[in-house]
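*Asks:* Below is the structure, and that's it, no one-letter string:
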């Protein structure tokens, strides 16, 4: 009987350690965001915008600045500044919208660009994910998706 009780205690400790690990991750992400704001290259929003633009382009989807703003959940004027900096940095360009002379599409300037160079942490995370078994990857993905949904639903 004590083996069952000890196993239950071990499981409860393992589960609480998962919650503590997620909290440590959230704190580390906040520290990273602050460091990136101060001196570490493009802002988090610029990195997210770049990834979104490149991902949509990979899917054959052209996006407008408004769609980038909606994806990032920030204002269009804020996105305009981000896109202008990305353009000046040689990462994106604008194409005229064929049906709306007032609008434009945002497209990657060079599809040979290495996104991992823009966000090396993502490359490192991909490498770590490659070490997981299929079952481990499925469990981690499911759990992180639940945490992401909880974070997204907070303060709405």
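*Replies:* Alright, I've got the coordinates. In this text, all values refer to a predicted model and were calculated from it rather than measured experimentally.

*Asks:* Counting neighbours, what do you get for the nearest residue to residue 96 once chain neighbours are set aside?
*Replies:* The shortest distance from residue 96 to any non-neighbouring residue, by C-beta to C-beta, 6 or more residues apart in numbering, is to residue 104 (5.8 Å). Bear in mind the C-beta positions are built from the backbone N, C-alpha and C, glycine included. Neighbour count of residue 104, defined by other C-beta atoms under 10 Å: 16.

*Asks:* dump the residue contacts of residue 104.
*Replies:* Contact partners of residue 104, counting by C-beta atoms under 8 Å, 6 or more residues apart in numbering, are 64, 65, 94, 95, 96, 97.

*Asks:* measure the residue positioned nearest the centre of the chain to residue 74 for me?
*Replies:* By C-alpha atoms, centre = their mean, the chain has its centre lying nearest to residue 48, at 5.8 Å. As for residue 48, its distance to residue 74 is 10 Å (criterion: C-beta to C-beta, to the nearest Å).

*Asks:* Tell me the spacing between the residue nearest to residue 96 and residue 134.
*Replies:* On the measure of C-beta to C-beta, residue 104 and residue 134 end up 42 Å apart.

*Asks:* swap in residue 124?
*Replies:* From residue 124 to residue 134 the distance is 21 Å (C-beta to C-beta).

*Asks:* neighbour-wise, which of these two wins?
*Replies:* More neighbours surround residue 124 than the other of residue 124 and residue 134, with 11 against 7 (other C-beta under 10 Å).

*Asks:* so the more buried one, which of the three states?
*Replies:* For residue 124, the assignment made with DSSP: H, G, I helix; E, B strand; the rest coil gives helix.

*Asks:* Identify each of the helices in this structure and give its residue range.
*Replies:* 2-39, 44-58, 65-72, 76-88, 115-118, 120-129, 134-153 (DSSP state H).

*Asks:* So for residue 109, which of those helices sits nearest?
*Replies:* Closest approach to residue 109 among these (C-beta to C-beta): helix 76-88, 7.8 Å.
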